[in-house]
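> Below are the sequence and a predicted model for it; my questions follow.
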Amino acid sequence: GCNSRNVSFTNTSNYGTHTASSFLWTFGDGSTSNSIAVNIPKTYNNTTSSDQTYTFNLHAESQYGCYDDTTNTVIIYRADADFTVDDNEGCSILPVAITNTSVGDDVPAVGGWLWNYGDGSATVATKQPGTHPHNYTNTTNPGVNQPFTLSLTATRNASCTDTKTTTITVNPSISVSFTTIPAAPVSICDSTLVTFNATLAVPTAGTTYLWNFGDGTSATGSSVTHRYRNLTNANAFTYTATVTATTISGCSSTFSAPITVHPYIRSYFSLDASSGCSPDTIRVTPTSYIGIDQYLWDFDNNGTFDVTTATASNQPYMYPRNLSATNTNQVYTIRLRVNNGNAACNKDFTRRDTVFAEAKANFSPITAIDCNEHTVNFTNLSTNDYINKWDFDDGTTSSLENPTHTFVNTGPTTLPFNVSLGVTTSNGCTHDTSG
């Protein structure tokens, strides 16, 4: 028999008043019976670690004290397949430590054992004493829980074999990654909104997503957006964005990528005067803010930067002369652009400067010679004159546009008079013929 065997003994002794009238069965396993029945059922249980030979004996005795014994043996082979596992459910790849706890020292070390891991891997025909590992991989797509049947068969001989099975449930593993808008590698300006889209290598229903943006904030969902700031660093700062995907079975995967954020910058400058007479020279003073490493100036509003500096330094600039004869102002937009090492990260600030048209004093006649008294009619040939001031060099003046003046020489010699005209435009720009 094998492990446990039901045996039926048949009493073929002579039984009667003058023959055998009592019987004692001794089964060799410590149990006995004095049944006079013809058929005696007996169950042998071999719970030892090896084959067992049980010697049974039948003692028949008459009422006269005459007796007889017969003896034979029953062999119960031992092959009890058993094992334990440290984990029968988990995430792929699941390492399972298998410990052979079988009983059966007489089972052949090679050929008497057969391990079938139930996952298509090669069977093992050795006892594998102690604890040995086996890795289970979930191969479903899309991912679902996958059961595997682990079995051990112990074979003592052709008539004695035993098998134990257990189920190993392997939950689908996941592999998560994400893409971004803008695309990786992400190098962005302060306050840029980044879109994150998580994807799984194998779609798995019920997966949840937890995002850590590296700046103390988080979000959930497969697709999220986040606005990154860099307010306190003079240089670019790199955050690590991380997504953790977790299935309903508790299997998880993590993916991370760097997000480089250039510092916040501000553009501002002051102007010594926002208007002036031609030729007009201005001076601009930029304000230095953290994170700026380049200052670019466009003074004449033509789209081309006239001056580039690495520091916040004062800049003078002289505008072309405004020679308008109709007193038309020329207005220029002064633009300061600052950036922080990333050409895409820039800020502009503008102010306007107004250049007033020049005043040009001129008159006729320029020279005149005559006898005393001499009266001259002056013609004002000035440009953009709004206020006129004539000085006749004899202590008298006039504000008329075209005055007439009489020069008197009471002396004995020729007396020259140096006449000058000063004009002022409506914007306060002045010019004088006297130089």
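It's in.
> What backbone torsions are found at the residue sitting nearest the centre point of the chain?
Centroid check for the chain by Cα atoms, centre = their mean gives residue 241 as the closest residue, at 2.5 Å. Main-chain dihedrals, residue 241, degrees, to the nearest 10: phi -90, psi 130.
> If it is in a bridge, with which residues?
residue 257 (DSSP bridges).
> From residue 434, how far out is it?
74 Å (Cβ to Cβ, to the nearest Å). Any C-beta I mention is one placed from the backbone N, CA and C, and that applies to glycine too.
> contacting residues around the residue lying closest to residue 50 once chain neighbours are set aside?
Computed as Cβ to Cβ, 6 or more residues apart in numbering, the closest residue to residue 50 that is not its neighbour in sequence is residue 105, at 4.6 Å. Applying Cβ atoms under 8 Å, 6 or more residues apart in numbering, one finds that residue 105 lies in contact with 49, 50, 78.
> Equivalent analysis for residue 34, please.
With Cβ under 8 Å, 6+ apart, residue 34 has these contacts: 22, 23, 24, 25.
> Please apply the same query to residue 136.
92, 93, 94, 95, 96, 117, 119, 148, 168, 170 are the contacts of residue 136 under Cβ under 8 Å, 6+ apart.
> Surely the first one and residue 140 touch.
Going back to what we said before, that points to residue 92. No: contact status for residue 92 versus residue 140: not in contact, 9.1 Å apart, counting by Cβ atoms under 8 Å.
> okay, these two: which has more neighbours?
The neighbour count for residue 92 versus residue 140, taken as other Cβ atoms under 10 Å, is higher for residue 92 (20 against 14).
> Give me the pLDDT value at the more buried one.
Model confidence at residue 92, given as pLDDT, is 91.
> How about residue 293?
Reported pLDDT for residue 293: 90.
> For it, give me the backbone phi and psi.
phi -130, psi 10.
> contacting residues around residue 89?
Residue 89 touches 168, 169, 170, 171, counting by Cβ under 8 Å, 6+ apart.
> I meant to write residue 174 there.
Counted by Cβ under 8 Å, 6+ apart, residue 174 has contacts 143, 200, 201, 202, 204, 207, 245, 247, 251, 252, 253.
> Tell me the one among the residues you listed nearest to residue 395.
residue 245 (99.1 Å; Cβ to Cβ).
> Please verify my assumption that that closest one contacts residue 200.
Yes: using Cβ under 8 Å, residue 245 is in contact with residue 200, at 6.6 Å.
> Now for the two: what residues contact both?
174, 176, 207, 253.
> related to what we said a few turns ago, of the contacts of residue 34, grab the buried ones for PyMOL.
Listed next is the PyMOL selection for buried residues among these, using 16 or more other Cβ atoms under 10 Å:
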select buried, resi 23+25
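> Which of the contacts of residue 34 fall within strands?
Among the contacts of residue 34, DSSP state E puts 22, 23, 24, 25 in strands.
> ChimeraX command to pick out the buried ones of the contacts of residue 174?
Of the contacts of residue 174, the buried ones go into a single ChimeraX selection, burial set by 16+ other Cβ under 10 Å:
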select :143,200,204,207,245,247,251,252,253
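> Among the contacts of residue 174, name the least confidently predicted one.
Confidence-wise, residue 143 trails the rest of those, at 81.
> Let's verify it: helix, strand, or coil?
On the three-state scheme (DSSP: H, G, I helix; E, B strand; the rest coil), residue 143 is labelled coil.
> count of neighbours near the residue lying closest to it once chain neighbours are set aside?
Sequence neighbours aside, residue 172 is the residue nearest to residue 143 in space, at 2.8 Å (criterion: Cβ to Cβ, 6+ apart). When neighbours are defined as other Cβ under 10 Å, residue 172 has 25 of them.
> try the one 10 residues further on
When counting by other Cβ under 10 Å, one arrives at 13 neighbours for residue 182.
> Which residues belonging to the worst-scoring helix or strand of the chain on mean pLDDT are considered buried?
For the chain, the helix or strand with the lowest mean confidence is strand 110-116, at a mean of 86 (criterion: mean pLDDT, DSSP states H and E). Buried residues in strand 110-116, counted by 16+ other Cβ under 10 Å: 112, 113, 114, 115, 116.
> Tell me which helix or strand the nearest residue to residue 179 once chain neighbours are set aside sits in.
Nearest-residue entry for residue 179: residue 197, 5.2 Å, with adjacent residues in sequence omitted and distances by Cβ to Cβ, 6+ apart. For residue 197, the host element (DSSP states H and E) is strand 193-200.
> contact partners of that strand?
Here strand 193-200 has contacts from 174-182, 186, 188, 207, 209, 211, 222-228, 241, 243, 245, 253, 255, 259, using Cβ under 8 Å, 6+ apart.
> If residue 261 is in a bridge, with which residues?
Under the criterion used (DSSP bridges), residue 261 bridges to residue 188, residue 237.
> Model confidence for it, exactly?
So residue 261 comes in at 95 (pLDDT).
> The one 4 residues further on now?
Confidence at residue 265, expressed as pLDDT, is 92.
> That one against residue 294, yeah?
No: the criterion here is Cβ under 8 Å, and residue 265 misses it with residue 294 at 9.9 Å.
> picking that back up, so which of the contacts of residue 89 sit within strands?
Short answer: the contacts of residue 89 in strands (DSSP E) are 168, 169, 170, 171.
> list the contacts for the last one?
Remark: with contacts taken as Cβ under 8 Å, 6+ apart, residue 171 is in contact with 89, 90, 91, 92, 94, 138, 145, 146, 247, 249, 250, 251.
> Assign a three-state SS to residue 174, would you?
Residue 174 ends up coil, using three-state DSSP.
> now residue 404, which residues is it bridged with?
The partner residues for residue 404, given DSSP bridges, come to residue 377.
> what about stretch 5-19, distance to the chain center?
86 Å (Cα atoms, centre = their mean, to the nearest Å).
> if we can go back for a sec, for PyMOL, write the selection for the buried entries among the contacts of residue 105.
Command for PyMOL that selects the buried part of the contacts of residue 105, burial taken from 16+ other Cβ under 10 Å:
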select buried, resi 78
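> and which of the contacts of residue 105 is nearest to residue 381?
Once Cβ to Cβ is applied, the member of the contacts of residue 105 that ends up nearest residue 381 is residue 49, at 134.0 Å.
> before we move on, which element is that closest one in?
Applying DSSP H and E, one finds residue 49 in no helix or strand.
> Now for it: which residues touch it?
Contacts of residue 49 (Cβ under 8 Å, 6+ apart): 78, 103, 104, 105.
> on that earlier part again, for residue 92 and residue 140, list the residues in contact with both.
With Cβ under 8 Å, 6+ apart, residue 92 and residue 140 have common neighbours 146, 172.
> Other residues contacting stretch 395-407?
Outside stretch 395-407, the residues that reach it (Cβ under 8 Å, 6+ apart) are 372-380, 385, 387-392, 394, 417.
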